[in-house]
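Enquirer: Structure for this input, please:
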Amino acid sequence: MRALALATLALAVNFWAWNLLGPLAPTYRELLALSPFQVSLLVAVPALIGALARIPIGALTDRYGGRIMFTAVTALTIVPVLFLAATDAYPSLLVGGFFLGLGGASFAVGIPFVNAWVAPERRGLFLGIYGAGNVGTAVSGFLSPPIAGAFGLPSAYLVVAGALAVTAVVFALLGRDAPGRVASTGSMMAGFVAAVKLPIARDLALLYAITFGGFVAFGAYLPTFLTEAYALTVPDAALRAAGFIVLATATRPVGGALADRFGGVPVLLGSFLAIGVGAIVTAFEPDIVTATVGFLTIAAALGVGNGAVFALVGRRSPAGTVGSVTGLVGAAGGLGGFLPPIIMGLVFQATGSYAIGLMLLSDVAFAGAVYTAWRLRDVKLPSA
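Expert: Numbering: from 1, shown residues only. Alright, predicted model coming up:
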């Protein structure tokens, strides 16, 4: 299916750009002598606009369609990437990182774009496959440090700028919106307000803040965590963090398919319980093998949870509102990834350990399980 392939490719390239600062953060820490809090703020800033911009971008996608919006968002993301290539001053990095979040907001384009092409009973799987474009964050982990190490920091950004330009052109030429797409005619604010009034949108926004927020936070902060807690080299830590992202990405379609088969609620419950257990294991900073098992457990569970949430979005959102609901839920997910790196940095700066931060993650995950059982217990899959 061409639409799915194009959307997944565009998401992957935009997420590659969105996660540029995470894998490069240990390098900036050494280059600029940054404190743990300054590093955590640097990797968290892109998540902020990546979250907030999903709200208007989702609403604009309901109106103008995915072809126009994916082309525009991808092209605009080139600007902060080139800006970051030209600077290594900390305040400028924060400014560039803020607007780099536009790449993360591209997620809100693809959900309504793909959703319109797929029958309701298969949306969990297809939206999960689209969400696998998250692998772009892993691509950044795999490629950005070695490119920067071999050719200099600007080269890591210039490669991404080129990939974004090619992707924007390809999407403009080959992308097509689904026949019979229902275009929203109301204002962006009206679409946002309508989404906020939907109980299912509010509930899923809260739960996605945990699952996707955890994914974003680990994707950005895990390299720093591994170099601090386990004294790994920057390339080794970046590769392990990329492995975390790859697993979380690969299990996202699995979560969508399981939700299609068994319903999103039991899948979400299992996901939250697994995240909580994995966080407890890693909080004690065990040996690297045990910690790896714990982190991979968290990665798989986060991916499954992300897939289950958007299986419910695709099936439970009224026609013509999928973009707005995606914007709201996606924004909550992005915001969920903004605070954890900052909290982890402050906790480490104050205590010299990440244990409290990881125990807080386990508490939030178990609370998510309770909330799912309470609020979504009556959500039934509609007949196909």
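
Enquirer: CA only for contacts and neighbour counts going forward, please
Expert: Will do.

Enquirer: contacting residues around residue 87?
Expert: Residues in contact with residue 87, defined by C-alpha atoms under 8 Å, 6 or more residues apart in numbering, are residue 93.

Enquirer: Against residue 94, how distant is it?
Expert: Residue 87 sits 11 Å away from residue 94, going by C-alpha to C-alpha, to the nearest Å.

Enquirer: swap in residue 5?
Expert: 33 Å.

Enquirer: Same check on residue 246?
Expert: For residue 246, the distance to residue 94 - C-alpha to C-alpha - is 27 Å.

Enquirer: that older thread, residue 5 and residue 94 - which one has more neighbours?
Expert: Set side by side, residue 5 and residue 94 show more neighbours around residue 94, with 20 against 15, by other C-alpha atoms under 10 Å.

Enquirer: show me what contacts the more buried one?
Expert: Counted by C-alpha under 8 Å, 6+ apart, residue 94 has contacts 42, 45.

Enquirer: buried set for the strand or helix carrying it?
Expert: Residue 94 is located in helix 90-105, with elements delineated by DSSP states H and E. Burial within helix 90-105, assessed by neighbour count using 16 or more other C-alpha atoms under 10 Å, is assigned to 90, 93-105.

Enquirer: Can you tell me which of those is closest to residue 301?
Expert: Nearest to residue 301 among the buried residues of helix 90-105 is residue 104, at 21.1 Å by C-alpha to C-alpha.

Enquirer: Which residue lies closest in space to that closest one, excluding its sequence neighbours?
Expert: residue 50 (4.5 Å; C-alpha to C-alpha, 6 or more residues apart in numbering).

Enquirer: Kindly report the same for residue 212.
Expert: residue 333 (5.0 Å).

Enquirer: Wait, the one you found touches residue 210, no?
Expert: Yes: with contact defined as C-alpha atoms under 8 Å, residue 333 reaches residue 210; the gap is 6.9 Å.

Enquirer: Return the set of buried residues in stretch 166-185.
Expert: 167-168, 171, 175-178, 181, 184.

Enquirer: now swap in stretch 335-351 and tell me
Expert: 335-348.

Enquirer: which regions of the stretch 151-300 of the chain sit below the pLDDT cut-off?
Expert: 184, 186, 188 (pLDDT under 70).

Enquirer: mind listing the strands for it?
Expert: Counting by DSSP state E, counting those that start in this stretch, the stretch 151-300 of the chain forms no strands at all.

Enquirer: ok, back up a step: for the residue nearest to residue 104, list the residues it contacts.
Expert: Residue 50 touches 18, 100-105, 331, 334, counting by C-alpha under 8 Å, 6+ apart.

Enquirer: Now flag whichever of the residues you listed is closest to residue 274.
Expert: So of the contacts of residue 50, ranked by how close each gets to residue 274 (C-alpha to C-alpha), first place is residue 334, at 21.2 Å.

Enquirer: ok now do the residue lying closest to residue 363 once chain neighbours are set aside, which residues does it touch?
Expert: Of all residues not flanking residue 363 in the chain, residue 276 sits nearest, at 6.9 Å (C-alpha to C-alpha, 6+ apart). Counting by C-alpha under 8 Å, 6+ apart, residue 276 touches 361-366.

Enquirer: For the strand or helix carrying residue 130, which helices and strands make contact with it?
Expert: Assigned by DSSP H and E, residue 130 belongs to helix 123-131. Using 3 or more C-alpha pairs under 8 Å, 6 or more residues apart in numbering; DSSP states H and E, the elements in contact with helix 123-131 are helix 2-18, helix 107-115, helix 234-262, helix 288-316.

Enquirer: now that helix against helix 2-18, angle please.
Expert: Here helix 123-131 points in a direction 40 degrees away from that of helix 2-18 (axes from the mean of the first three to the mean of the last three C-alpha atoms, to 10 degrees).

Enquirer: can you list contacts of stretch 231-241?
Expert: 23, 26-27, 138, 141-142, 145-146, 218-219, 222-224, 226-227.

Enquirer: tell me the two of those that are most distant?
Expert: 146 and 218 (20.1 Å).

Enquirer: Compare those two (neighbour count), which wins?
Expert: residue 218 (24 against 18).

Enquirer: From residue 40, how far out is the more buried one?
Expert: 11 Å.

Enquirer: try residue 338
Expert: 10 Å.

Enquirer: Tell me how many other residues crowd residue 247.
Expert: 21.

Enquirer: swap in the one 4 residues further on?
Expert: Residue 251: 24 surrounding residues under other C-alpha under 10 Å.

Enquirer: How about it, nearest residue that isn't a chain neighbour?
Expert: residue 303 (4.9 Å).

Enquirer: Now stretch 256-265: buried residues?
Expert: Quick answer for stretch 256-265 (16+ other C-alpha under 10 Å): 256-260, 263-265.

Enquirer: Please list the residues outside that stretch that contact it.
Expert: Residues contacting stretch 256-265 (C-alpha under 8 Å, 6+ apart): 121-128, 267, 304, 307-312, 372-373, 376-377, 379-381.

Enquirer: Could you give the separation of that stretch from the chain centroid?
Expert: 20 Å (C-alpha atoms, centre = their mean, to the nearest Å).

Enquirer: Now do the nearest residue to residue 311 once chain neighbours are set aside against residue 315, distance only.
Expert: Distances taken as C-alpha to C-alpha, 6+ apart place residue 124 nearest to residue 311, at 3.9 Å, with adjacent residues excluded. Between residue 124 and residue 315 the computed distance is 8 Å (C-alpha to C-alpha).

Enquirer: what's residue 22 in contact with, if anything?
Expert: 43, 141, 219-221, 223.

Enquirer: Now render those residues as CSV, adding neighbour count and distance to residue 193.
Expert: Below are the contacts of residue 22 laid out as CSV (neighbours: other C-alpha atoms under 10 Å; distance: C-alpha to C-alpha, whole Å):
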residue, neighbour count, distance to residue 193
43, 30, 31
141, 30, 37
219, 29, 31
220, 34, 31
221, 28, 33
223, 27, 38
